[in-house]
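Novice: Curious how this folds, go ahead:
(chains A and B)
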Amino acid sequence: GAVVSQHPSWVICKSGTSVKIECRSLDFQATTMFWYRQFPKQSLMLMATSNEGSKATYEQGVEKDKFLINHASLTLSTLTVTSAHPEDSSFYICSARGQGAGFEQFFGPGTRLTVL
Amino acid sequence: AQKVTQAQTEISVVEKEDVTLDCVYETRDTTYYLFWYKQPPSGELVFLIRRNSFDEQNEISGRYSWNFQKSTSSFNFTITASQVVDSAVYFCALSERYTNAGKSTFGDGTTLTVKP
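Specialist: Down below sits the predicted model:
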């Protein structure tokens, strides 16, 4: 199956710093990538949808200036958490979808962000 | 609007018991996709199955089986002869083909604990 990687797998940072998370599709071209956030013992909440070469579409309630998404190529999307605060601590998961039918998303392994 | 309901928050069974995880969905699209994912303690989402709205045929894969019934808008998942390794959170998800740009909506998840 298709493989999606995320880097880093975990990160600890100080409050006020920015953190960049990378999501890569390793063996297919991802026309669309999704970013999710998951709090402990909760479901995945979609944060934004990014299409290669265009601006990301954010879900209601998600601050676009806080969570910067860039989908510069068909294999890479990045999520930057700017000026992170402890409430941004969460598990961030990306998924990628290629062209074609099925609407199947391939998920990355996730990044656990802890903001001190 | 699309919605996925997993009414069972937690299920606990003893090894070798059969267990069924319920999933009920709501959608206005005539074309949609349903998914089941497993999330072990490591956090990575593991894809289990995709079913499109035109295919109501039930599927069996080893100890796993899925029962898709459009009449009741349900897509239930059964694990036969459960094992300790089946312990995880299981998510049901829905993607609409035309509405919501194919974004996936996840249920709240069912935490399955299989005791030895």
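
Novice: Any residues of chain A in contact with chain B? List them.
Specialist: Contact residues (Cβ under 8 Å from any Cβ of the partner chain) of chain A with chain B: A:1, A:32, A:34, A:41-44, A:46, A:49, A:57, A:91, A:93, A:95, A:97, A:102-107, A:109-110, A:112. Where you see a C-beta, it was placed from the backbone N, CA and C, and this is true even at glycine.

Novice: Out of these, which sit inside helices?
Specialist: Using DSSP state H, no member of the residues of chain A next to chain B falls in helices.

Novice: what sits against residue 90?
Specialist: All of this is about chain A. For A:S90, the contact set (Cβ atoms under 8 Å, 6 or more residues apart in numbering or on different chains) comprises A:37-39, A:112-113.

Novice: not what I meant, chain B
Specialist: Contacts for B:Y90 were tallied using Cβ under 8 Å, 6+ apart; they are B:6, B:21, B:36-39, B:48, B:77, B:109-110, B:112.

Novice: Check B:V4 too.
Specialist: By Cβ under 8 Å, 6+ apart, the residues touching B:V4 are B:23-26, B:92-94, B:105-107.

Novice: For A:A84, state which of the contacts of A:S90 is nearest.
Specialist: Nearest to A:A84, judged by Cβ to Cβ, of the contacts of A:S90 is A:L113 at 7.2 Å.

Novice: Dig out what the closest one forms beta bridges with.
Specialist: For A:L113, the beta-bridge partners are A:V11, A:S90 (DSSP bridges).
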